[in-house]
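Sequence plus predicted model, see below.
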Amino acid sequence: MTAMNKVPDNSRYAHCIESSKRVRWDIDEDVIRGRRFDTAHKFLPDGLSLTDGFTTLSSDERRFVSQIQGRTYANIFGLVERFINAKVLELSRDHALGDQVVVEALVRFSDEELKHQTLFRRIDAMVGEVLPGGYRFDFDPDTVARAVLGKSTWAVLALTLDIELFTQAHYRQSIDPDTELSELFKDVFLYHWKEECQHALLDELEFLRHDSALTAEERDRAVDDFIGLVAAVDGILQAQAAADAGYFAANCGRTVEADEVLAIEAGFLAAYRWQYIHSGARHPYFAKVLTGLITENQGQRIQAALATLH
Ligand SMILES: [Fe+2]
Ligand SMILES: [Fe+2]
């Protein structure tokens, strides 16, 4: 038996199956429940949209910013869950002729990510029904997934753990007792979080299993791959911040001068970096898992790369 096949204890995988069965939800019956979005509400909570940073905007304009960010939230998740699911399917092949408990846990993980992608496509379309036309999200999930999956599995699993932990941090933000926050969007956070808890546990188990088969040199290269992936995520966030600032300026109902557009773009980018990079990277559990696998020097390289994204 090679290290890649070794699963010392399947009880944690079994626990994920039990939790997955217990929390399982349906997009229409549980999350959407016949509701529509209402532009009187914020779609993302202030702790995620960082609207305090949009100092030139009125409160109505900040609400519009949170709605644009809500649509982008759905699109970014649609994007990342494509490569996450492809990687999970790939990992499940390592176990296909082995421990069937592990296979079941990973198949359920995959099934849930397919459902989440459907949910986020629905949310994108539903937000599109209530906001002005002209919104753009120009990234193709398959093209991005192909580029991500070209990197080492270690790096993809590190990024995936980061992402699945930050969905938990986002849920905690969404339960803030904010009466202006969309109840429907709150439920998107709630239901997504319920299934992502199991995903983060499985990410860790598969990450540790995969890591144990790597040489020190392979892991060192994988750390560079991870830094490259975070930079690639940031490239997407920069482009989307520019697109969303342009959309805001074109649809906010007043003339926005070029200088202010740049300030608004910086506000979007700060929020997106918080949502999709730092809220995961600073998650204590992410730091704990990662530092258990890497050297001090590798940790410093990662921190130095993250520090440039402010
Ligand atoms: Fe998900
Ligand atoms: Fe997930």
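Right, received. Where do you want to start? Ligands and ions are numbered 1, 2, ... in the order given.

Can you pull the residues of this protein lying near ligand 2?
Proximity of the chain to ligand 2 is confined to Glu164, Glu196, His199 under the rule CB under 5 Å from the ion. Any C-beta I mention is one placed from the backbone N, CA and C, and that applies to glycine too.

If you count neighbours, what's buried in the strand or helix carrying the first one?
With the criterion set as DSSP states H and E, the secondary-structure element containing Glu164 is helix 153-174. When burial is assessed from 16 or more other CB atoms under 10 Å, helix 153-174 yields the following buried residues: 153-171, 173-174.

State the mean pLDDT of stretch 74-93.
Predicted confidence along stretch 74-93 averages 97 (mean pLDDT).

could I get that stretch in CSV with only the CA atoms?
The C-alpha atoms that make up stretch 74-93 are tabulated as CSV, following Å, rounded to 0.1, in the frame of the first residue of the first chain:
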residue,chain,number,x,y,z
ALA,A,74,-22.5,34.2,-6.5
ASN,A,75,-20.3,34.3,-9.6
ILE,A,76,-17.0,33.9,-7.7
PHE,A,77,-18.4,30.9,-5.9
GLY,A,78,-19.7,29.5,-9.2
LEU,A,79,-16.2,29.8,-10.4
VAL,A,80,-14.2,28.3,-7.5
GLU,A,81,-16.6,25.4,-7.0
ARG,A,82,-16.0,24.3,-10.5
PHE,A,83,-12.3,23.5,-9.8
ILE,A,84,-13.0,22.3,-6.3
ASN,A,85,-15.4,19.7,-7.6
ALA,A,86,-13.1,18.6,-10.4
LYS,A,87,-10.3,18.1,-7.8
VAL,A,88,-12.6,16.2,-5.5
LEU,A,89,-13.6,13.9,-8.3
GLU,A,90,-9.9,13.4,-9.1
LEU,A,91,-9.1,12.6,-5.5
SER,A,92,-12.0,10.1,-5.2
ARG,A,93,-10.3,8.0,-7.9
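
Might one say that Ile76 is in contact with Tyr276?
Yes - when contacts are counted by CB atoms under 8 Å, Ile76 is listed as touching Tyr276 (6.1 Å).

For the strand or helix carrying Arg63, name the packing helices and strands.
With elements delineated by DSSP H and E, Arg63 resides in helix 59-95, which encompasses its position. When contacts are defined as 3 or more CB pairs under 8 Å, 6 or more residues apart in numbering; DSSP states H and E, helix 59-95 sits against helix 46-49, helix 100-130, helix 141-149, helix 153-174, helix 183-211, helix 216-251, helix 258-273.

can you list those in JSON lines and add mean pLDDT?
Written out in JSON lines, the entries for those read as follows (pLDDT from 0 to 100):
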{"stretch": "helix 46-49", "mean pLDDT": "94"}
{"stretch": "helix 100-130", "mean pLDDT": "98"}
{"stretch": "helix 141-149", "mean pLDDT": "97"}
{"stretch": "helix 153-174", "mean pLDDT": "93"}
{"stretch": "helix 183-211", "mean pLDDT": "95"}
{"stretch": "helix 216-251", "mean pLDDT": "98"}
{"stretch": "helix 258-273", "mean pLDDT": "98"}
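
can I get those helices in JSON lines with distance to Ser92?
Written out in JSON lines, the entries for the helices and strands packed on helix 59-95 read as follows (distance: least, CB to CB, whole Å):
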{"stretch": "helix 46-49", "distance to Ser92": "32"}
{"stretch": "helix 100-130", "distance to Ser92": "4"}
{"stretch": "helix 141-149", "distance to Ser92": "15"}
{"stretch": "helix 153-174", "distance to Ser92": "13"}
{"stretch": "helix 183-211", "distance to Ser92": "10"}
{"stretch": "helix 216-251", "distance to Ser92": "21"}
{"stretch": "helix 258-273", "distance to Ser92": "31"}
